[in-house]
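S.K.: Here is a sequence with its predicted model. Questions after.
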There are 2 protein chains.
Amino acid sequence: MSMTNAYEPGSAELNADERALIARRERLLGPAYRLFYERPVHVVRGEGVWLYDVDGEAYLDVYNNVPSVGHCHPHVVEALCRQARILNTHTRYLHENVLDYAEKLLAKFPAELAHVMFTCTGSEANDLAYRIARRSTGGTGFIVTQLAYHGGTHVIAELSPSLGGHVQLGDHVRTVPAPDAYRNGGRELGAVFANNVRQAIEDLRTQGIKPAALLVDTIFSSDGVFSDPAGFLAEAVAVIRATGGLFIADEVQPGFGRTGAHMWGFQRHGIVPDMVSMGKPMGDGHPMAGLVVKPELVREFGKSRYFNTFGGNAVSAAVGLAVLEVIEREGLMANALEVGGHLHNGLRQLAKQHSIIGDVRGAGLFIGLELVRDRATQQPATEETARVVNGLREKRVLISSAGPNANILKIRPPLPFSKENAELFLSTMNEVLAALQPHH
Amino acid sequence: MSMTNAYEPGSAELNADERALIARRERLLGPAYRLFYERPVHVVRGEGVWLYDVDGEAYLDVYNNVPSVGHCHPHVVEALCRQARILNTHTRYLHENVLDYAEKLLAKFPAELAHVMFTCTGSEANDLAYRIARRSTGGTGFIVTQLAYHGGTHVIAELSPSLGGHVQLGDHVRTVPAPDAYRNGGRELGAVFANNVRQAIEDLRTQGIKPAALLVDTIFSSDGVFSDPAGFLAEAVAVIRATGGLFIADEVQPGFGRTGAHMWGFQRHGIVPDMVSMGKPMGDGHPMAGLVVKPELVREFGKSRYFNTFGGNAVSAAVGLAVLEVIEREGLMANALEVGGHLHNGLRQLAKQHSIIGDVRGAGLFIGLELVRDRATQQPATEETARVVNGLREKRVLISSAGPNANILKIRPPLPFSKENAELFLSTMNEVLAALQPHH
């Protein structure tokens, strides 16, 4: 989610086709749209872990978590097309799909989380969680991490400090440092995080604001990917609950099996959230998202209707069901665990030759690779990371960066990523890091 | 959007299948979900203007504006499937689809509205308009009509009084009566509406709140369908602009040719909005929406990125393009005008036999039919309207109601609605109204 790799005019040689497309984007879409890479990629086709550009060149996708079961997965596309040909209606009529899907999805959660409500985007799911949290607690205060991204609606942008200074956080929002074991680590990480949450709650209270919820991405993706030690979230969850506030797990990034050992990121921490929002990987690219809640939280909220026109429609439900089927049939969680482990080890091997690698962390196929100029001082290698991201793109490997200094590579490929794909990534990374040395 | 036709347990004979589905909904989806009709319809298939239930019975769809070019239109489904098989990615790579679609869509607007931003739902489009309006005007006050519905995100629910007392309007929100020519009509309708807006602005100012925008559904769907006299919006638009505020047209309901003579509802009033939000009919059921803006309004906003993961993706853009192609190729606007006129006249004929019909109004295939107990007193026929809606459902014609007293039938079928379909609707309506007489 960093802006470092946005396209900057003139920073790379562009051909006529690329210049024309960029000019059309500026003219038609306006200034809020961003492109990846100094030389943006003009994609035309996707399949599995591969994207293809207009010249037919293949790019290894090590970044996109939306096509989570693989670009254009045939089983998902087939489910989409089959249902789109037959019926596509909303939830004000009776239909099995939304119920079959809700049943299968809820079975992946602890029993306390017994209702699911469907939206179209993760932003909408978090916005709905915000509404329910306020309604059920009577509080208005929210606590998020310092570089969180939770979405683009007005109230959720106010809870997304990663959007930067042009978007104001609300007066009712407090930020806490993400639990960064590399920079502030050690055994006390959970206690430190919990203490920061406690202080944020106190600060809200001194302003007369009752806390509604602690909302976190359970893999802390935009903060820089923080996964360990497993369990570090438990104490903070206890702290927010002790004040009558809720714990909302944003699973838009880690959810749907990416972390390998678990279907959801929160499970790594041995906790049961009060609400869980889901998005990006849910439909392998189809616009769908949702919120799982404890029933007692929506008893009051349910007195007003919540209607999401497209949410849970017959087509979206069919797609969601197909995605869950693929995750199971193809053993994608086991693959995430195994290939993720292989990749993790391979990156640790690379670290022996490249001192710029300061840390390798993450779970399953969600890995953060932090680049530093000096391992002792941990000075962020921000410019080098941008060169690595653009260098990998030139070698047709797609990736991006995160963190306050944009020096953390976010590695989160489609889940069917194989050991061979991992080897290709590692060898290309080795080349790009080697080419970096002279400037270092 | 009225809750009058929500399912109420025990109010109709349900079979085992229906009871089982309803029980599953309550268990899985929770209390915020609503069903249409005393006896909900269990749909399994859709085609053109028809929906089919689990027993194979056909229902004439006189209500759903989402499948605007017809349920499961083959050209749209084909575009969806073709693109979904090839590539489905976001707007951070270069791709023609989003640009081809943006170009074709913007060509349908006045030249001043030169940028389009894509979202997944009308709620998100209005939420984005809200953010841009605040950012570009520096104001925070919003004015909406008394029974408006603009969406379900937190800030947009605060601008949607039709959600009822369980959802609080914001302190920065003022409501004005919708321009109802039937109840408060006459030539001065535009002046009265403008004066109400002026008073709302004054009221905001006395509270120290600077107005940001006047936001209206240009056909006033949930308020009760108000279309005439054409031009009545112009004066209010001038009033809000004179204070530095913006005029935002919500075209989620009337947009994409439904009103027949125009592609957009605002065109009926000879005005050019500052922003236009679109949704429901945009993708014939596919989750997509958007916001068209004047470029000067997003100059500041564009300094922060706005990224909507699924908005404008390659598949959504292909679908949107196909919908515009169908509207053109099949002459759906001309059809809306012609069949809408036929339907309008037919309903006026029915009014000669049924005194319960107080008013017939609307434009093209967006018609409001107001039922009253007495034409002189205009007493709303609320209970009778519920009986008509449920009576039509029993005769397999699908419709719903709107307005503060839920006594206004909302007639807005898929646009390929034919004269034969209109005749079937009129004759069924005649039967249902006739059956109502004894209780009247």
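M.R.: Perfect, thanks for sending it.
S.K.: Contacts only, for residue A:147.
M.R.: If a contact means CB atoms under 8 Å, 6 or more residues apart in numbering or on different chains, then residue A:147 has A:161-162, A:178, A:222-224, A:403-404 as its contacts. Placement of C-beta: from N, CA and C, glycine included.
S.K.: These in helices, which ones?
M.R.: Secondary-structure check on the contacts of residue A:147 using DSSP state H: no residue lies within helices.
S.K.: Ranking by neighbours, what's the top pick from the residues you listed?
M.R.: Of all those, the most densely surrounded is residue A:403 (29 neighbours; neighbours counted as other CB atoms under 10 Å in any protein chain shown).
S.K.: Among the contacts of residue A:147, which one lies nearest to chain B?
M.R.: Checking the contacts of residue A:147 against chain B with CB to the nearest CB, the nearest one is residue A:162 at 10.0 Å.
S.K.: Tell me the confidence at the closest one?
M.R.: You'll see residue A:162 listed with a pLDDT of 95.
S.K.: shouldn't it be in contact with residue A:148?
M.R.: Yes: counting by CB atoms under 8 Å, a contact exists between residue A:162 and residue A:148, whose distance comes to 6.2 Å.
S.K.: Which neighbours do the two have in common?
M.R.: Common neighbours of residue A:162 and residue A:148 are listed as A:222-223 (criterion: CB under 8 Å, 6+ apart).
S.K.: Closest to residue B:22 out of the contacts of residue A:147?
M.R.: When the contacts of residue A:147 are compared for distance to residue B:22 (CB to CB), residue A:222 wins out at 41.1 Å.
S.K.: For that closest one, grab phi and psi.
M.R.: Main-chain dihedrals, residue A:222, degrees, to the nearest 10: phi -80, psi -20.
S.K.: and it, what pLDDT?
M.R.: On the pLDDT scale, residue A:222 is placed at 97.
S.K.: By residue count, which strand of chain A is the longest?
M.R.: strand A:366-374 (DSSP state E).
S.K.: Sheet partners, orientation included, of the helix or strand following that strand?
M.R.: Proceeding C-terminally, strand A:366-374 gives way to strand A:379-380 as the next helix or strand, assigned by DSSP states H and E. Looking at strand A:379-380 with DSSP bridges, its partner strands are strand A:366-374 (antiparallel).
S.K.: check contacts around the residue in the stretch 251-400 of chain A positioned nearest to chain B.
M.R.: In the stretch 251-400 of chain A, the residue that lies nearest chain B is residue A:302 (2.8 Å; CB to the nearest CB). Going by CB under 8 Å, 6+ apart, residue A:302 touches B:30-32.
S.K.: so where's the stretch 101-250 of chain A uncertain?
M.R.: Confidence mapping of the stretch 101-250 of chain A against pLDDT under 70 gives the ranges A:186.
S.K.: For it, which segments count as helices?
M.R.: Listed from the start of the chain, the stretch 101-250 of chain A has helices (DSSP state H, counting those that start in this stretch) covering A:122-137, A:154-157, A:181-184, A:189-206, A:234-242.
S.K.: can you put these in CSV and add mean neighbour count and distance to chain B?
M.R.: CSV is the format used below for those (neighbours: other CB atoms under 10 Å in any protein chain shown; distance: least, CB to the nearest CB, whole Å):
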stretch, mean neighbour count, distance to chain B
helix A:122-137, 27, 5
helix A:154-157, 24, 4
helix A:181-184, 16, 26
helix A:189-206, 18, 18
helix A:234-242, 19, 20
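S.K.: JSON lines for the ones you listed, including distance to residue A:107?
M.R.: As requested, the helices of the stretch 101-250 of chain A are exported to JSON lines (distance: least, CB to CB, whole Å):
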{"stretch": "helix A:122-137", "distance to residue A:107": "19"}
{"stretch": "helix A:154-157", "distance to residue A:107": "28"}
{"stretch": "helix A:181-184", "distance to residue A:107": "33"}
{"stretch": "helix A:189-206", "distance to residue A:107": "29"}
{"stretch": "helix A:234-242", "distance to residue A:107": "23"}
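S.K.: What about the nearest residue to residue A:303 once chain neighbours are set aside, how many residues nearby?
M.R.: In space, and not counting its chain neighbours, residue A:303 is closest to residue B:166: 4.7 Å by CB to CB, 6 or more residues apart in numbering or on different chains. When counting by other CB under 10 Å, one arrives at 12 neighbours for residue B:166.
S.K.: now do residue A:57
M.R.: The criterion is other CB under 10 Å. On that basis, residue A:57 has 10 neighbouring residues.
S.K.: Thought residue A:396 was touching it, still the case?
M.R.: Yes: the pair formed by residue A:57 and residue A:396 meets the contact definition of CB under 8 Å, at 6.0 Å.
S.K.: Residue numbers of the stretch 251-400 of chain A in contact with chain B?
M.R.: Residues of the stretch 251-400 of chain A lying near chain B by CB under 8 Å from any CB of the partner chain: A:279-280, A:284-288, A:293, A:295, A:298-299, A:301-313, A:315-316.
S.K.: Among the residues you listed, name the buried ones.
M.R.: A:279-280, A:284-288, A:293, A:298, A:301-302, A:304-313, A:315-316 (16 or more other CB atoms under 10 Å in any protein chain shown).
S.K.: Of these, which belong to strands?
M.R.: Taking DSSP E as the definition of strands, those contribute residue A:293.
S.K.: Now intersect the buried ones among the residues of the stretch 251-400 of chain A next to chain B with the helices, please.
M.R.: In this view, these that belong to helices under DSSP H are A:298, A:301, A:315-316.
S.K.: Out of those residues, which two sit at the greatest distance?
M.R.: Between any two of these, the greatest separation by CB to CB is 26.4 Å, found for A:301 and A:315.
S.K.: Can you mark which positions in stretch A:91-105 are buried?
M.R.: Of the residues in stretch A:91-105, those buried by neighbour count under the rule 16+ other CB under 10 Å are A:91-95, A:97-102, A:105.
S.K.: Pipe the residues you listed into TSV and attach distance to residue A:134 and secondary structure per row.
M.R.: Written out in TSV, the entries for the buried residues of stretch A:91-105 read as follows (distance: CB to CB, whole Å; DSSP: H, G, I helix; E, B strand; the rest coil):
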residue	distance to residue A:134	secondary structure
A:91	24	coil
A:92	26	coil
A:93	31	coil
A:94	31	strand
A:95	31	coil
A:97	31	helix
A:98	26	helix
A:99	28	helix
A:100	32	helix
A:101	28	helix
A:102	24	helix
A:105	25	helix
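S.K.: from those residues, which are also near chain B?
M.R.: Checked against chain B using CB under 8 Å from any CB, the buried residues of stretch A:91-105 give the following subset in range: A:91-95, A:98-99, A:102.
S.K.: Which member of those is positioned nearest residue A:155?
M.R.: Out of these, the one with the shortest distance to residue A:155 is residue A:91. That distance is 23.9 Å, counting by CB to CB.
S.K.: so what's that closest one up against?
M.R.: The neighbourhood of residue A:91, defined by CB under 8 Å, 6+ apart, consists of A:98, A:118, A:307, A:311-313, B:29, B:33.
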